[in-house]
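Chemist: From the sequence below, what's the structure:
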Amino acid sequence: MSKNKIRVYQLAKKLGLKSPKMVSILEELGIKDKGNLSMLDSETANLVEEYVKDMRKTQEENEKKSQRIQGNISIEEFAKRFNVSERAVRETIMKLGLPYKPNRKLSKVEVHYLAAEMGLDVPEFKNEEFIKRFVPRAPVVTVMGHVDHGKTTLLDTIRRTSVAEREKGRITQAIGASIVEYNGKKIIFIDTPGHEAFTEMRLRGSIVTDIVILVVAADEGVKEQTIESIDHARAANVPIIVAINKIDRPNADPERVKQQLADRGLLPEEWGGSTIYVPVSAKTGQGVEDLLEMINLQAELLELKTDPKTTCSGTVIESKMDKNIGPLATVIVQTGTLRAGDYIRAGDVVGKVRFLTDASGKRVKEAPAVSAVEVAGLPDVPKAGEIFYAFKNASEAKEEMKRIEEEKRLQKMKERSGPKTIEDLFREMQEKEMKKLLLILKTGTQGSLEAVKHAIKEIKSPIPVEIIHEGIGGIVKSDILLADASGAIILGFGVRPTTEAKKEAKARGVTIKTYDIIFELTDALEALLKGMVVAEKKEIVVGRALVKKVFKVSGVGTVAGCLVTEGKIVRGYKAKVLRNNVVVYSTEIASLKRFKQDVKEVLKGYECGVGLKNFNDIKVNDEIEVTTTEEQQA
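Modeler: This next block holds a predicted model:
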């Protein structure tokens with residue numbers, strides 16, 4: 001045998017592969033008709049070795065990624081495991097058509113599916129049986145825009161009704177929902193008020209929205225509520241289709257509207273951007289079919305789906321007290337099927353569905369996902385924007401009512417503190433691991449606004465600062481709602497919050513900072529940004545312990561019997577569970593015992609009992625690595 005050649009079976013033995021696997025690899029590489037005794041030259045053998053090396057490396061990486069995928073975990077645990085916000089997890093669950101319930105445990109396949117759809121570092125999701133459960137659904141479209149720009153009239157034309165004529169002052173007074181069908185596809189429309197006083201309702205409307213239709217009058221252009229609508233749509237992270245209305249008017253100027261909105265970041269497709277613009281006339285019907293076509297096209301791109309056979313859940317978009325019927329709630333059913341007789345929870349309201357009314361005013365026995373219905377029978381009026389979900393039976397609903405009462409009792413015990421200091425803000429941002437500072441800026445005059453914006457831009461910091469909304473005048477409730485939706489801080493220069501805004505900010509935990517001297521504002525921002533920069537943390541290993549035994553303790557969970565092998569184990573410190581030197585979970589030491597006594601720490605060489613927060617899947621021979629962090633100047 002030549003020194004420069006090697007037989008296939010010898011190379012397989014060298015690489016630790018069985019002969020059938022080796023032949024399969026040769027076929028994948030296009031090296032055909034090679035039996036076990038065939039000869040390979042050195043160049044081919046090296047190619048095979050590199051291929052096997054890369055293949056094994058990929059397998060190892062996928063195994064590490066797979067270690068993160070564990071079932072029977074809550075939304076809170078999922079958020080911690082993958083280092084994402086609970087709000088993002090909740091919104092993605094609803095968008096994907098998975099049932100939402102705060103205390104529901106996610107299965108392993110749901111965790112994998114959810115993580116893959118969120119673009120997290122996990123192997124590709126390929127469970128065909130699970131995917132088959134999901135079916136295409138109708139898009140939920142919210143209509144936004146300035147007062148009297150023709151939102152309801154546009155919907156009026158689409159629905160071929162006369163809603164606008166019946167409304168006092170031709171201004172929508174409450175959020176309504178309607179279902180239309182175009183080219184065999186259903187579209188659910190939410191009609192939101194355009195008047196400034198109803199900004200809160202508009203924000204609630206964007207919670208369940210898949211697509212926003214921004215209505216702008218061609219003869220008036222961009223107005224204050226137009227800008228607010230854009231900011232709220234962006235906070236909800238949904239695509240915007242611009243309907244330039246009233247193009248039949250003699251002074252209509254669609255190109256001016258495009259330019260104004262392009263300056264706000266909505267660059268038209270024909271100008272090289274990604275925003276769809278459709279010129280329409282709600283009065284004559286011109287362009288309406290084009291608008292519906294664009295909605296269907298955008299919905300196809302979003303690939304909207306839901307699971308119609310799972311637990312029912314959805315969102316309340318409006319509620320009211322009817323003097324004859326009692327509490328009524330308009331809801332969007334997003335997963336499963338809602339039936340008359342079901343017990344549901346919406347916010348803090350738990351009750352039995354007495355009857356359902358569809359968008360056309362007819363009573364129906366059930367409402368499948370995705371549809372809009374009005375629910376009667378709840379004991380109280382739930383808040384708009386609340387997520388609702390159904391129970392299996394009445395006893396489960398009663399247990400939930402007990403939990404609500406306990407939650408209310410605990411909430412009363414928590415007194416909210418006064419205005420936050422820069423240190424408080426810095427600590428919160430560290431906890432949330434924020435990488436960008438979002439601001440809402442309100443000033444007394446246009447000149448002040450430009451001056452403050454310029455001063456903020458001059459601040460040098462590697463942490464990006466983004467002004468997501470700006471305006472002239474006092475800080476009002478709508479500013480608080482937007483800050484709450486986006487996680488922004490409100491800065492006021494020469495202005496103050498209204499009494500209503502103060503109360504709302506306190507209730508929602510929104511930070512308002514007001515200044516009258518510009519350098520004080522910039523100094524405060526620089527201090528906050530500096531704090532964000534120095535928040536580089538170095539992880540220090542404090543100790544390690546080897547799991548020798550595992551105990552199941554009733555009412556407590558799993559306790560690991562450990563031997564401390566390095567350093568010390570400290571109660572309350574961060575901890576990582578290592579299995580074959582791979583981190584399978586990050587948590588903290590919840591409890592620590594020596595014999596039967598609670599202790600603060602246990603040193604090397606001693607045995608102890610360790611309880612881990614939110615983790616019970618501990619196994620013998622796992623290692624627990626205990627760490628702490630210290631801040632270092634960047």
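Chemist: By residue count, which strand of this structure is the longest?
Modeler: What stands out as the longest strand in the chain, according to DSSP state E, is strand 536-553.
Chemist: Counting by contacts, list what it packs against.
Modeler: strand 557-570, strand 607-612, strand 623-632 (3 or more CB pairs under 8 Å, 6 or more residues apart in numbering; DSSP states H and E). Any C-beta I mention is one placed from the backbone N, CA and C, and that applies to glycine too.
Chemist: relative to strand 623-632, how tilted is that strand?
Modeler: 150 degrees (axes from the mean of the first three to the mean of the last three CA atoms, to 10 degrees).
Chemist: Adjacent strands (with direction) for strand 536-553?
Modeler: Here strand 536-553 is paired, per DSSP bridges, with strand 557-570 (antiparallel), strand 623-632 (antiparallel).
Chemist: Specify which residues of this structure, grouped into ranges, have pLDDT under the cut-off.
Modeler: Confidence mapping of the chain against pLDDT under 70 gives the ranges 1-3, 33-34, 60-68, 161-176, 192-207, 411-435, 531-538, 630-634.
Chemist: all helices in the stretch 451-600 of the chain, in order from the N-terminus.
Modeler: Per DSSP state H, counting those that start in this stretch, the stretch 451-600 of the chain has helices spanning 477-486, 499-508, 518-533. These are given in chain order.
Chemist: and the last one, what does it pack onto?
Modeler: Applying 3+ CB pairs under 8 Å, 6+ apart, one finds that helix 518-533 makes contact with helix 422-432, strand 437-443, helix 446-458, strand 489-493, strand 512-515.
Chemist: closest one to Ile158 among the ones you listed?
Modeler: Closest to Ile158 of these, according to CB to CB: strand 437-443, at 33.4 Å.
Chemist: residues making contact with the closest one?
Modeler: Applying CB atoms under 8 Å, 6 or more residues apart in numbering, the external contacts of strand 437-443 come out as 429, 449, 452-453, 456, 463-475, 479, 482-483, 486-495, 525, 528-529, 532.
Chemist: In CSV: the strands paired with strand 536-553, plus mean neighbour count and distance to Val215.
Modeler: Formatted as CSV, the strands paired with strand 536-553 follow (neighbours: other CB atoms under 10 Å; distance: least, CB to CB, whole Å):
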stretch, mean neighbour count, distance to Val215
strand 557-570, 19, 54
strand 623-632, 16, 49
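Chemist: Include distance to Val23 when you put those into TSV, please.
Modeler: Output for these, formatted as TSV (distance: least, CB to CB, whole Å):
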stretch	distance to Val23
strand 557-570	45
strand 623-632	40
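Chemist: closest one to Val143 among those strands?
Modeler: Of all those, it is strand 623-632 that lies closest to Val143, at 47.9 Å by CB to CB.
Chemist: ok so, going back, could the helices and strands packed on strand 536-553 be laid out in JSON lines, adding distance to Asn581?
Modeler: Listed next are the helices and strands packed on strand 536-553 as JSON lines, based on distance: least, CB to CB, whole Å:
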{"stretch": "strand 557-570", "distance to Asn581": "14"}
{"stretch": "strand 607-612", "distance to Asn581": "18"}
{"stretch": "strand 623-632", "distance to Asn581": "8"}
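Chemist: What is the burial count for Pro250?
Modeler: 5 (other CB atoms under 10 Å).
Chemist: One more: the one 3 residues further on?
Modeler: Here the neighbour count serves as a burial measure; for Asp253 (other CB under 10 Å) it reads 16.
Chemist: repeat for Pro379
Modeler: For Pro379, using other CB under 10 Å, the count is 11.
Chemist: Touching, it and Pro327? I think so.
Modeler: Yes: the criterion here is CB atoms under 8 Å, and Pro379 meets it with Pro327 at 7.0 Å.
Chemist: Now do the shared contacts for the two.
Modeler: Common neighbours of Pro379 and Pro327, using CB under 8 Å, 6+ apart, are Val349.
Chemist: hang on, the earlier thing: got a quick ChimeraX command for the buried subset of the contacts of strand 437-443?
Modeler: Restricted to buried positions by 16 or more other CB atoms under 10 Å, the ChimeraX selection for the contacts of strand 437-443 reads:
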select :429,449,452,456,463,467,468,469,470,471,475,479,482,483,486,487,488,489,490,491,492,493,494,495,525,528,529,532
